[in-house]
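Chemist: Need a 3D model of the following:
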Amino acid sequence: MDQTDQIYYQTATQLLEWIHSKKLSAEEVMRVHLQRIEKINPAIHALTQRVDLEECIRQAREVDQAIEQGKPLKKLSGLPVAIKDALKVKGLICSSGSPGLYKEGAASEDATIVARLK
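Modeler: Residues are numbered from 1 along each chain as shown. Predicted coordinates for the structure are as follows:
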């Protein structure tokens, strides 16, 4: 098992421990997960849309900076997550898995649970 495998096969608890203890950066964890999505998603189509890749990296870097500066973090800060498209994510279409049925366009705000994760 290479280091990439060691990262994306870990539990959320283990990843958070490594990120918060600086064994791994949030950016490194994010990049490994984004690479895995690029490799696997074309075959399984689990993700129908996603936040811009550079935005994902920017958010991970913000977590790394907060850790460096000793700022308080939310419990899941640094952990890559996927949000089911039945929930509103600002800028993405909330289609509940049926993109042809929903014509409202992109969400103008995050659902409460999504905002709390951020």
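
Chemist: For the residue nearest to Leu76 when sequence neighbours are not counted, grab the count of nearby residues.
Modeler: Residue nearest to Leu76 in three dimensions, not counting chain neighbours: Leu117, with 6.3 Å by C-beta to C-beta, 6 or more residues apart in numbering. In this view, the C-beta of every residue, glycine as well, is placed from N, C-alpha and C. For Leu117, the neighbour count with other C-beta atoms under 10 Å is 17.

Chemist: Let me know the pLDDT of Leu117.
Modeler: Here, the pLDDT recorded for Leu117 equals 89.

Chemist: so how far is Gly70 from it?
Modeler: According to C-beta to C-beta, to the nearest Å, Leu117 and Gly70 sit 22 Å apart.

Chemist: Quick check: what element follows the longest helix along the chain along the chain?
Modeler: If you go by DSSP state H, the chain has its longest helix at helix 26-44. Next along the chain after helix 26-44, taking DSSP states H and E as the criterion, comes helix 53-68.

Chemist: Could you tell me which residues within the longest helix of the chain count as buried?
Modeler: Buried residues in helix 26-44, counting neighbours by 16 or more other C-beta atoms under 10 Å, are found at Ala26, Glu27, Glu28, Val29, Met30, Arg31, Val32, His33, Leu34, Arg36, Ile37.

Chemist: Quick check: the last one touching His45?
Modeler: The reference is to Ile37. No. Counting by C-beta atoms under 8 Å, Ile37 does not reach His45; the two are 11.3 Å apart.

Chemist: which residues touch the residue nearest to Leu76?
Modeler: By C-beta atoms under 8 Å, 6 or more residues apart in numbering, Leu117 lies in contact with Lys74, Leu76, Val81, Ile83.

Chemist: How many residues are close by Val63?
Modeler: 22.

Chemist: ok, now which ones touch the closest residue to Ser96 other than its chain neighbours?
Modeler: Using C-beta to C-beta, 6+ apart and skipping residues adjacent in sequence, the residue nearest Ser96 is Ala86, 4.5 Å away. By C-beta under 8 Å, 6+ apart, the contact set of Ala86 is Cys94, Ser96, Gly97.
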